[in-house]
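S.K.: quick one, structure for this:
(one chain, ligands or ions: 1)
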Amino acid sequence: MRLRDLIVNNRFFKSIYRTGYPDTARKRVMVVINSLALHLHPVRVPKRAVRVTYTWGLGGLSIFMFVILTITGVFLMFYYVPSVREAYWSVVSLDTSVMMGQFMRNMHRWAAHMMVLMVLLHMTRVFYTGSYKPPRDFNWVIGIVLLVLTMLLSFTGYLLPWDQLAYWAITVGAEMGGSAPFVGKQVNIALLGGFEIGQATLIRWYTLHVIFLPLLLIVVVSMHFWRVRKDGNISTPIYPAEAAPEEVRRRLQGSAPANDEMA
Ligand code: HEM
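M.R.: Numbers count the residues shown, from 1 in each chain. So this is what the prediction gives:
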């Protein structure tokens, strides 16, 4: 107890945490409201909505994968060279000569696969709990944007090793874009950065992969979390009155929720 006082009762601690040590419900609320990162999260969440078997933590796991991708991706950027002559060999040297290089590369790859899987499962959970319905319909649309961004991040990363797999993947991708009606030719040139695959293509996709798409994803994810808060927190199951558990029936009958129903 005295050690805690020593840490929290001084000017330095209070200059960072203005509300002091969060030892009351009010102070805990203030911590969330006053924090840049935490205030994206709802202050009060019904216990039932955060039950593991309701959300399965899948949105949280999606963002966790993104965090792993960012950390390992920055590590890879120290060694990767986005040039058609050196890209492949810089990836080979990551596997053979850089300490923890192969581990970091594998972490990055597996986290990318897992992020696609988690986002798809999260979307499935949202669908099966009916959470896409008003007032959460706009957040569903934001979610679709996140799904597309996740796919684009995967696809642009696929090109970077500049091996046969990458070369033919971008060929297929650019051809698919090229077959779009009316604007096909322009799309094809935009994707390749010219008329054929080369340095302009690599630098274009590299910039998309390491800067543009991750930044955009961070902005859109922030909107997504903000909307969860603004749309009345995570959805909760709606029961016909007679089938509702006791706790819900009390609420439906208008009695105020007990404090311990909120997490
Ligand atoms: C980068 C991708 C994504 C991340 C990091 C993310 C993260 C989250 C988180 C943390 C929550 C809080 C509840 C939970 O964990 O289930 C949430 C809720 C929600 N997400 Fe996502 N999400 C992503 C993609 C999507 C997609 C693809 C959709 C659907 C198209 C979607 C639709 C929603 C909706 C409608 C809610 C509110 C659900 C409710 O209130 O029950 N999200 N998301």
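
S.K.: so for the helix or strand where residue 174 lies, what gets flagged as buried?
M.R.: In the assignment (DSSP states H and E), residue 174 maps to helix 164-178. By 16 or more other CB atoms under 10 Å, the buried positions in helix 164-178 come out as 166, 170, 173, 174, 177, 178. The way it works is simple: take the backbone N, C-alpha and C, and place the C-beta from them, glycine included.

S.K.: could you do stretch 32-51 as well?
M.R.: Counting neighbours by 16+ other CB under 10 Å, the buried set in stretch 32-51 is 32, 40, 42, 45, 46, 48, 49, 50.

S.K.: cool, stretch 204-219 as well?
M.R.: Result for stretch 204-219 [16+ other CB under 10 Å]: buried residues 204, 205, 206, 208, 209, 210, 213, 214, 216, 217.

S.K.: got the CA coordinates for the helix or strand encompassing the second one in CSV?
M.R.: Read it as residue 205. Using DSSP H and E, the element containing residue 205 is helix 199-207. Extracted in CSV, the C-alpha atoms of helix 199-207 (Å, rounded to 0.1, in the frame of the first residue of the first chain):
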residue,chain,number,x,y,z
GLN,A,199,10.9,-1.2,-61.2
ALA,A,200,7.9,1.2,-61.4
THR,A,201,5.6,-1.7,-60.5
LEU,A,202,7.6,-2.8,-57.5
ILE,A,203,8.1,0.6,-56.0
ARG,A,204,4.4,1.3,-56.5
TRP,A,205,3.2,-1.8,-54.7
TYR,A,206,5.9,-1.5,-52.0
THR,A,207,4.7,2.0,-51.1
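
S.K.: so what touches that helix?
M.R.: Helix 199-207 is contacted by residues 82-84, 87, 156, 159-160, 162, 170, 191-194 when judged by CB atoms under 8 Å, 6 or more residues apart in numbering.

S.K.: show me which residues of the chain are close to the ligand?
M.R.: By the rule CB under 6 Å from any ligand atom, the part of the chain lying against the ligand is 55, 58-60, 62-63, 119, 122-123, 126, 129, 131-132, 136, 139-140, 143-144, 146-147, 150, 221, 224, 228, 234-235.

S.K.: one step back: rebuild the contacts of helix 199-207 as JSON lines, extending it with pLDDT and secondary structure.
M.R.: As requested, the contacts of helix 199-207 are exported to JSON lines (pLDDT from 0 to 100; DSSP: H, G, I helix; E, B strand; the rest coil):
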{"residue": "82", "pLDDT": "97", "secondary structure": "coil"}
{"residue": "83", "pLDDT": "97", "secondary structure": "coil"}
{"residue": "84", "pLDDT": "96", "secondary structure": "coil"}
{"residue": "87", "pLDDT": "97", "secondary structure": "helix"}
{"residue": "156", "pLDDT": "95", "secondary structure": "helix"}
{"residue": "159", "pLDDT": "91", "secondary structure": "helix"}
{"residue": "160", "pLDDT": "97", "secondary structure": "coil"}
{"residue": "162", "pLDDT": "96", "secondary structure": "coil"}
{"residue": "170", "pLDDT": "91", "secondary structure": "helix"}
{"residue": "191", "pLDDT": "93", "secondary structure": "helix"}
{"residue": "192", "pLDDT": "95", "secondary structure": "helix"}
{"residue": "193", "pLDDT": "94", "secondary structure": "coil"}
{"residue": "194", "pLDDT": "94", "secondary structure": "coil"}
